[in-house]
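Engineer: Make a model of this:
(one chain, ligands or ions: 1)
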Amino acid sequence: MGCDIHLFVETRESASEPWRPVRVTIACGWCKDGSGRDGKPCYFCKGTQLEGGYQDRNYDTFAILANVRNGRGFAGCDTGDGFIPISEPRGLPADLSSALRQLREDSEKLEDEAHDAHYEKCKADFGCGWFGDHSHSWLSLRELLACDWSRTTKHRGMVSLGHWIKMREAGKAKPESYCGGASGPMVREVSETVADALRPCVKFSGDDHFEKLVEANWTREALSAWRNLTSYPEGDLVMWSRGEKALCVYVPMEWTDTYAESVGRFHSAFIPALVALGKSPDDVRIVFGFDS
Ligand SMILES: [Zn+2]
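Structural biologist: Next up is the predicted model:
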């Protein structure tokens, strides 16, 4: 199951004034110019090119904000060394704004259609419509700014052979696409040495999610690397190239990122949007929760 963040922004005029929710927007992460693939307005931002709040499913952000999914991805598999969180979940703040307190009460009471309408209205007003159901917490902008975003961590993931080849040929050291783990009768894990021996012999079509082998002409080096450096039968390669077996070949990798690189838009776009509110960092906070 995936995990999502549900995040609100609150500000106040001073320490003695009440908190109020505020809608903060960043550039839409799904489109470039407000239009969708079908020529209609982008489904996500409705053509405005802006999205409300922060909604990215980035587990590294969740780990830093609240120790959620820290170094663990789907089915608890190892995705790296993880992060030092800014804080364990603190629960919702005792002085939560009255508008968000109301939103919470309403979303628990309302049923089905009324609930959906309420959710959509809150999303339009505040960039978010629900608090999620676990690990509720809050952090001030001061705490977000005080985090050492230049600190590094090791990520681990399985990179498909086709993507690994693209990455190597582009001279890149880190994958853009990877998964936490892969299992199944057709999955084969090979080292980078073996992947490099297979590289000149194969051609793939499709994108990273639907990679398909279109051609394979094994060299002696490729066959020998497979035979000597994996525990899989050589027949695997032969059957794969004949289309008799659809293998999913993965290369386990480990790479280093800064915290800033790991969380992407949270650091490059969302924190700057909070700063741009122009208030004291003690008078801006995020209040959030997660689901699943
Ligand atoms: Zn958009």
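
Engineer: helices and strands around the strand or helix carrying residue 154, which ones?
Structural biologist: Counting by DSSP states H and E, the element that carries residue 154 is strand 152-160. Secondary-structure packing of strand 152-160 (3 or more CB pairs under 8 Å, 6 or more residues apart in numbering; DSSP states H and E): strand 248-258, helix 259-263. (C-beta placed from N, C-alpha, C; glycine too.)

Engineer: which residue ranges form the strands in this protein?
Structural biologist: Along the chain, the segments classed as strands by DSSP state E run 4-11, 20-22, 25-27, 50-52, 134-140, 152-160, 187-189, 202-205, 212-216, 248-258, 284-291.

Engineer: count of neighbours near residue 149?
Structural biologist: 17 (other CB atoms under 10 Å).

Engineer: What parts of the chain come near the ion?
Structural biologist: Selection of the chain residues close to the ion by CB under 5 Å from the ion yields 28, 30-31, 42, 44-45.

Engineer: possible to save those as JSON lines with distance to residue 193 and pLDDT?
Structural biologist: Listed next are the residues of the chain next to the ion as JSON lines, based on distance: CB to CB, whole Å; pLDDT from 0 to 100:
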{"residue": "28", "distance to residue 193": "41", "pLDDT": "91"}
{"residue": "30", "distance to residue 193": "38", "pLDDT": "86"}
{"residue": "31", "distance to residue 193": "40", "pLDDT": "87"}
{"residue": "42", "distance to residue 193": "43", "pLDDT": "91"}
{"residue": "44", "distance to residue 193": "42", "pLDDT": "85"}
{"residue": "45", "distance to residue 193": "45", "pLDDT": "87"}
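
Engineer: Using PyMOL, define a selection of the buried residues within those residues.
Structural biologist: This is how PyMOL selects the buried members of the residues of the chain next to the ion, with burial counted by 16 or more other CB atoms under 10 Å:
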select buried, resi 28+31+42+45
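
Engineer: Low-confidence bits of this protein, can you list those?
Structural biologist: For the chain, applying pLDDT under 70 flags the ranges 1, 73-76, 207-209.

Engineer: Spatially central residue in it, please.
Structural biologist: The residue lying closest to the centre of the chain (CA atoms, centre = their mean) is residue 58, at 2.5 Å.

Engineer: picking up where we left off before, will you turn the helices and strands packed on strand 152-160 into CSV that also has mean neighbour count?
Structural biologist: What follows is the helices and strands packed on strand 152-160, written out as CSV (neighbours: other CB atoms under 10 Å):
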stretch, mean neighbour count
strand 248-258, 18
helix 259-263, 21
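
Engineer: Please name whichever of those is nearest to residue 129.
Structural biologist: Closest to residue 129 of the helices and strands packed on strand 152-160 is helix 259-263 (CB to CB; 22.9 Å).

Engineer: how far does that closest one sit from the chain's center?
Structural biologist: 11 Å (CA atoms, centre = their mean, to the nearest Å).

Engineer: for the helix or strand following it, the distance to its chain's centre please.
Structural biologist: Proceeding N to C from helix 259-263, the next assigned helix or strand is helix 265, under DSSP H and E. On the basis of CA atoms, centre = their mean, helix 265 is displaced by 10 Å from the centre of the chain it belongs to.

Engineer: swap in stretch 279-292?
Structural biologist: Per CA atoms, centre = their mean, the centroid offset for stretch 279-292 relative to its chain is 19 Å.

Engineer: Tell me how far the residue in the stretch 101-250 of the chain that the ion sits nearest to lies from residue 115.
Structural biologist: As assessed by CB to the ion, the ion sits closest to residue 127 within the stretch 101-250 of the chain, at 14.1 Å. Here residue 127 is placed at a distance of 18 Å from residue 115 (CB to CB, to the nearest Å).

Engineer: Also residue 250?
Structural biologist: 41 Å.

Engineer: Can you tell me how far the nearest residue to residue 131 once chain neighbours are set aside is from residue 132?
Structural biologist: Leaving aside its sequence neighbours, residue 131 sits nearest to residue 289 (CB to CB, 6 or more residues apart in numbering; 4.2 Å). Residue 289 sits 3 Å away from residue 132, going by CB to CB.

Engineer: in the longest helix seen in the chain, what's buried?
Structural biologist: In the chain, with assignment by DSSP state H, the single longest helix is helix 112-126. Across helix 112-126, burial judged by 16+ other CB under 10 Å covers 115, 118-119, 122-123, 126.
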